[in-house]
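Colleague: model the following, please.
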Amino acid sequence: MNEIRQTPSRGIQEDDVFKAADGLLSEGLRPTIERVRQKIGRGSPNTVSPMLERWFASLGQRLAGGTVPAAGNDADGVPVSVRNATRLLWETARREAEEVQRGELASARSELQERGNALVEAQAALAQREDAFAQARVSLDSALASSQQARETLERQLKEHAIEAHRVRIGLDDDIKRLTALLSQAGETQQRIRREHAEAVAAKDQDLRQAEARHAAQERRMLAEVDRARQAAKQLEAEAAKEQQRRIQSEEAAALTLEVGRRTLRATEQAAQQLERELRDQLAKQTTLVAQVQLQAEGLQQRLDDLHQQLSEEKEIHERTRVLLATALANMHTIAGARRSSPKKTK
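Modeller: Numbering: from 1, shown residues only. Next up, the predicted model:
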């Protein structure tokens, strides 16, 4: 051992530091300032630090056997103390490397576990989103089905009302034709009555003239007959006038009925047109609603596609992270194996 130098700093001597460092090295521990202080039981870091550095500086010379007493050599002629010190240094370095490796491996595993947990949470969240979007899609499909059904119902009602309006229009046309036929028939009957009355009057006048020509001698009697004939003619004319009045009233009633029918037809046509407009407005509103629901469904589908793409990207990133971690672990195992095999190569 080199010449022991003393230091007045708190009574700590360099020999004490050297002995403590040798003891730690023999125990397989790397000498550090804190370990030397704990081994000695006193001393400040500022005092122990330069002494420990001088111990490390003299360690190579001591291991080489410059001032170390001979304690025997091994089969290769290397001092046993050197061999033991080298083995202790290697074991110390190996333990520290293993501790560092275990720490790094634990950190990597912890990080991998955290990322795996994050991936599981992301997958669960995505599954929840997919369920929510599936429910929303079912609701939208139901709304679309309801809207389609309502649209079909409105179209069916529109067709039924159109058929009913057409049927009413046909019925009114038939009534108009029937009333027109009755009016024409009444006109023909009136013409026939007038013609018969004229023919009857002509026949009576002719009979009267013939009676006056044949019976000039019986003027008085014939005058009486003429008077009777005139009375009959007046009565016939009165009856014809009454019949004509009845025919006129019948024609007026038929014309009034025809006018009422025409007004009813116009009112029915207006009501049918109003109903048709209302149904078309309802159909347009339903069509707009269906278009809006379809747009919302397309927007939700786009969002679902974006989420699927984001999940794919996250899965790809996690997969790359797993590959990198696996590569890092493999490299760590390779380094550890190389370190374990290094003493054999040195030997």
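
Colleague: and residue 289, what helix or strand is that in?
Modeller: Assigning secondary structure by DSSP states H and E places residue 289 in helix 219-346.

Colleague: by contact count, what packs against that helix?
Modeller: Judged by 3 or more CB pairs under 8 Å, 6 or more residues apart in numbering; DSSP states H and E, the packing partners of helix 219-346 are helix 80-214. For glycine as for every other residue, the C-beta is placed from the backbone atoms N, C-alpha and C.

Colleague: report the inter-axis angle for the helix it packs on versus helix 219-346.
Modeller: Interaxial angle, helix 80-214 versus helix 219-346 (axes from the mean of the first three to the mean of the last three CA atoms, to 10 degrees): 170 degrees.

Colleague: output the contacting helices and strands for helix 80-214.
Modeller: Helices and strands touching helix 80-214, by 3+ CB pairs under 8 Å, 6+ apart, are helix 14-26, helix 45-64, helix 219-346.

Colleague: how distant is the helix holding residue 289 from the center of its chain?
Modeller: With CA atoms, centre = their mean, to the nearest Å as the basis, helix 219-346 stands 25 Å off its chain's centre.

Colleague: ok, of the helices and strands packed on helix 80-214, where does mean pLDDT dip lowest?
Modeller: Mean pLDDT is lowest for helix 219-346 among the helices and strands packed on helix 80-214, at a mean of 81.

Colleague: quick check: pLDDT value at residue 117.
Modeller: Residue 117 carries a pLDDT value of 90.

Colleague: for residue 70, that is, sorry about that
Modeller: Predicted confidence (pLDDT) for residue 70: 40.

Colleague: what sits against residue 263?
Modeller: For residue 263, the contact set (CB atoms under 8 Å, 6 or more residues apart in numbering) is empty.

Colleague: how much space between it and residue 256?
Modeller: 10 Å (CB to CB, to the nearest Å).

Colleague: ok so, going back, deepest of the helices and strands packed on helix 80-214, which one?
Modeller: Ranked by mean neighbour count under mean count of other CB atoms under 10 Å, the helices and strands packed on helix 80-214 are led by helix 14-26, which reaches a mean of 19.

Colleague: after that helix, next one along is what?
Modeller: Next helix or strand after helix 14-26 toward the C-terminus (DSSP H and E): helix 33-40.

Colleague: what is that following helix packed up against?
Modeller: Contact analysis of helix 33-40 by 3+ CB pairs under 8 Å, 6+ apart lists helix 14-26, helix 45-64 as its packing neighbours.

Colleague: now that helix and helix 45-64, what's the angle there?
Modeller: Between helix 33-40 and helix 45-64, the angle comes out at 90 degrees (the same axes, to 10 degrees).

Colleague: run the chain-centre distance for helix 33-40.
Modeller: Distance of helix 33-40 from its chain centroid, counting by CA atoms, centre = their mean, is 69 Å.

Colleague: ok so, going back, residue 124: which of the helices and strands packed on helix 80-214 is closest?
Modeller: Closest to residue 124 of those is helix 219-346 (CB to CB; 11.5 Å).

Colleague: picking that back up, so which of the helices and strands packed on helix 33-40 comes closest to residue 98?
Modeller: Across the helices and strands packed on helix 33-40, the minimum distance to residue 98, taken as CB to CB, is reached by helix 14-26, at 18.0 Å.

Colleague: for the closest one, packing partners?
Modeller: When contacts are defined as 3+ CB pairs under 8 Å, 6+ apart, helix 14-26 packs onto helix 33-40, helix 45-64, helix 80-214.

Colleague: can you put those helices in CSV and add distance to residue 297?
Modeller: Shown next, in CSV, are these (distance: least, CB to CB, whole Å):
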stretch, distance to residue 297
helix 33-40, 70
helix 45-64, 73
helix 80-214, 5
